[in-house]
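Peer 1: model this:
(one chain, ligands or ions: 2)
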Amino acid sequence: MGNIVAIVGRPNVGKSTLYNRLTETRKAIVDDMSGVTRDRHYGLAEWTDKTFTVIDTGGYVANSEDIFEIAIREQVLIAIEEATAIIFMVDVTTGITDLDDDIAGILRRSKKPVFVTANKVDNNMLLAEAAQFYSFGLGEIYSLSSMTGSGTGELLDDVIKTFDETEEIQNELPVYAIVGRPNVGKSSMINALLGKDRNIVTNVAGTTRDSIHIHYKQFGHDFMLVDTAGLRKKTKVRENIEFYSVMRTIGALEEADVIILMLDATEGIESQDINIFHLAEKNRKGLVLVVNKWDLVEKDHKTAKAFEQKINEKIAPFTDVPIIFTSVTEKQRIFKVLEAAQKVYDNRKKKISTSKLNDFLLPIIENTPPPATKGKHIKIKYITQISASTPMFAFFCNLPQYIKDPYKRFLENKLREQFDFTGVPIQLFFRQK
Ligand code: GDP
Ligand code: GDP
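Peer 2: Ligands and ions are numbered 1, 2, ... in the order given. This is a model prediction of the structure:
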């Protein structure tokens, strides 16, 4: 089970500053890729040996005064429901406001771990001021300066202690998650797949989030499906439909082996979709793209190719992903989606023997060696697949630090051509030997 940390609090306390700090290194990598907008409010963070998803809740609230407090309260409730731990951020320079008190009240009633974080404690003089937040009755106060980063270590040390250690509870069965923006057709897809057998829907016990897990066992398939659309909550505030959907999505994403990302053919791939795609990619999940509502598109024999190309431009460089065009209403190609997911699942578990790897790659490397850097020749001696839950390859060489990204991509492409890792992010490591 993956872990989600939600940062809640009223505007201007410094939530996004902390968010940026926690996701910094990752963000730099992502922003290199094409098509990525900066309006992401969730991303992968790392502390010691733990990775987790951080969500900055504030980003989903419109700044219009009238709806804003209701929206924030509702977000706190959603965060309580969906997150593993909550960072409740307050501002030491302004002290406690009514909205802070409100949020604290909601959090006191929750069972999830809450970390009261006094932000903007930029110097020791302000440390004493932070004591006022004990009045929330939410326990320990973590003093922080998001700007400088001081105090983040102490906070994260304790946050990660709350994480669920029982990873991958249903290890034996593949877990697929159908995700996508509201209205793309997720529920319709699940209903169509289940047919009249909707009663096989089971809410598997032992999961902390009350997402619906469906054990799908028919037509030769046997897997768990995480349904993010099934439990639709009524929200009072429009923006929170999106927020809720994002929370559900990242929860499902963490649990699944393969992410079935559904798009609406009439809308194409949008920034929210690309963000989910990259989050799945960075979490090393398998991916299948589904372009649904294909019946609504005016098309000729070139339309699908053109559509694929547009998607690939946006998701590059990881474009080795199956794209299936479906119409749920006309029951077109919906079982192709399951076949693709199964294939991707198998690809993700694939193990290539060291001899096969070397027999294939060493001659290629011999013919096209890594370009010499600073007059030094780089020699790759052998390659082996690392024993891990997803495909990772170690390249042993004399000067690993001199191997550049284009060459790494070249090797990755060769691996993909030869061994078929469609839909699966693979990792290459270069090590000294
Ligand atoms: P959000 O609305 O809660 O996401 O708050 P932001 O992260 O946008 O921060 C609001 C303002 O507080 C910005 O001007 C930040 O630069 C500032 N800020 C954030 N963290 C700190 C901090 O640790 N110390 C000080 N002095 N300012 C901070
Ligand atoms: P969800 O929010 O992603 O679960 O989306 P729904 O399954 O509720 O679908 C949203 C709307 O799109 C409903 O009115 C569906 O009937 C419609 N819809 C779903 N799939 C298709 C499709 O393939 N073609 C067309 N034309 N409409 C679809």
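Peer 1: from here on, just use CA atoms for contacts and neighbour counts.
Peer 2: OK.
Peer 1: for the stretch 151-300 of the chain, which segments count as strands?
Peer 2: Under the criterion DSSP state E, counting those that start in this stretch, the stretch 151-300 of the chain carries strands at the ranges 175-180, 201-202, 212-218, 221-227, 258-264, 286-292.
Peer 1: out of those strands, which gets nearest to ligand 2?
Peer 2: strand 286-292 (5.1 Å; C-alpha to the nearest ligand atom).
Peer 1: the closest one vs ligand 2: in contact?
Peer 2: Yes. Interface with ligand 2: strand 286-292 contributes residue 292 (C-alpha under 6 Å from any ligand atom).
Peer 1: for the helix or strand just after that strand, C-alpha coordinates in CSV please.
Peer 2: Sequence-wise, the next helix or strand downstream of strand 286-292 (DSSP states H and E) is helix 303-315. What follows is helix 303-315, C-alpha atoms only, in CSV (Å, rounded to 0.1, in the frame of the first residue of the first chain):
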residue,chain,number,x,y,z
THR,A,303,-7.1,9.5,-37.3
ALA,A,304,-5.9,6.9,-34.8
LYS,A,305,-2.3,7.3,-35.9
ALA,A,306,-2.5,11.0,-35.6
PHE,A,307,-4.0,10.8,-32.2
GLU,A,308,-1.3,8.4,-31.1
GLN,A,309,1.4,10.7,-32.3
LYS,A,310,-0.1,13.6,-30.4
ILE,A,311,-0.2,11.6,-27.2
ASN,A,312,3.4,10.4,-27.7
GLU,A,313,4.6,14.0,-28.1
LYS,A,314,3.1,14.8,-24.7
ILE,A,315,4.3,11.8,-22.8
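Peer 1: need the next SSE after helix 303-315, C-terminal direction.
Peer 2: Beyond helix 303-315 toward the C-terminal end (DSSP H and E), the next one is strand 323-325.
Peer 1: about what we covered before: mind putting the strands of the stretch 151-300 of the chain in JSON lines, mean pLDDT and distance to residue 95 included?
Peer 2: Shown next, in JSON lines, are those (pLDDT from 0 to 100; distance: least, C-alpha to C-alpha, whole Å):
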{"stretch": "strand 175-180", "mean pLDDT": "93", "distance to residue 95": "40"}
{"stretch": "strand 201-202", "mean pLDDT": "44", "distance to residue 95": "47"}
{"stretch": "strand 212-218", "mean pLDDT": "80", "distance to residue 95": "41"}
{"stretch": "strand 221-227", "mean pLDDT": "86", "distance to residue 95": "41"}
{"stretch": "strand 258-264", "mean pLDDT": "97", "distance to residue 95": "43"}
{"stretch": "strand 286-292", "mean pLDDT": "98", "distance to residue 95": "46"}
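Peer 1: now those strands as JSON lines including distance to residue 368 and mean neighbour count?
Peer 2: Below are the strands of the stretch 151-300 of the chain laid out as JSON lines (distance: least, C-alpha to C-alpha, whole Å; neighbours: other C-alpha atoms under 10 Å):
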{"stretch": "strand 175-180", "distance to residue 368": "39", "mean neighbour count": "27"}
{"stretch": "strand 201-202", "distance to residue 368": "53", "mean neighbour count": "14"}
{"stretch": "strand 212-218", "distance to residue 368": "47", "mean neighbour count": "18"}
{"stretch": "strand 221-227", "distance to residue 368": "42", "mean neighbour count": "20"}
{"stretch": "strand 258-264", "distance to residue 368": "34", "mean neighbour count": "26"}
{"stretch": "strand 286-292", "distance to residue 368": "30", "mean neighbour count": "27"}
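Peer 1: with distance to residue 71 added, can I get these in CSV?
Peer 2: CSV is the format used below for those (distance: least, C-alpha to C-alpha, whole Å):
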stretch, distance to residue 71
strand 175-180, 22
strand 201-202, 32
strand 212-218, 25
strand 221-227, 25
strand 258-264, 27
strand 286-292, 31
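Peer 1: what's the residue closest to the geometric middle of the protein?
Peer 2: residue 279 (3.3 Å; C-alpha atoms, centre = their mean).
Peer 1: thought that residue was touching residue 41?
Peer 2: No. Using C-alpha atoms under 8 Å, residue 279 makes no contact with residue 41, being 11.6 Å away.
Peer 1: mind listing what the closest residue to residue 174 other than its chain neighbours touches?
Peer 2: Sequence neighbours aside, residue 223 is the residue nearest to residue 174 in space, at 5.0 Å (criterion: C-alpha to C-alpha, 6 or more residues apart in numbering). Shown in contact with residue 223 (C-alpha atoms under 8 Å, 6 or more residues apart in numbering): 173-176, 215-217.
Peer 1: switch the cut-off to 6 Å
Peer 2: 173-175, 216 (C-alpha atoms under 6 Å, 6 or more residues apart in numbering).
Peer 1: and residue 281, by the same measure?
Peer 2: Per C-alpha under 6 Å, 6+ apart, neighbours of residue 281: residue 425.
Peer 1: read off the pLDDT value for it.
Peer 2: You'll see residue 281 listed with a pLDDT of 94.
Peer 1: remind me which helix or strand the nearest residue to residue 136 once chain neighbours are set aside belongs to.
Peer 2: Excluding the flanking residues, the one nearest residue 136 by C-alpha to C-alpha, 6+ apart is residue 104, at 6.0 Å. Residue 104 is part of helix 98-108 when elements are defined by DSSP H and E.
Peer 1: any idea how many residues pack against residue 92?
Peer 2: Counted with other C-alpha atoms under 10 Å, residues neighbouring residue 92 total 25.
Peer 1: state the distance from it to residue 145.
Peer 2: Between residue 92 and residue 145 the computed distance is 10 Å (C-alpha to C-alpha, to the nearest Å).
Peer 1: all helices of the stretch 101-250 of the chain, in order?
Peer 2: 152-160, 186-194, 238-255 (DSSP state H, counting those that start in this stretch).
Peer 1: buried stuff in the second one?
Peer 2: Meaning helix 186-194. Neighbour counts over helix 186-194 (16 or more other C-alpha atoms under 10 Å) mark 186-187, 189-190, 192-194 as buried.
Peer 1: out of the helices of the stretch 101-250 of the chain, which is the most enclosed?
Peer 2: helix 238-255 (a mean of 22; mean count of other C-alpha atoms under 10 Å).
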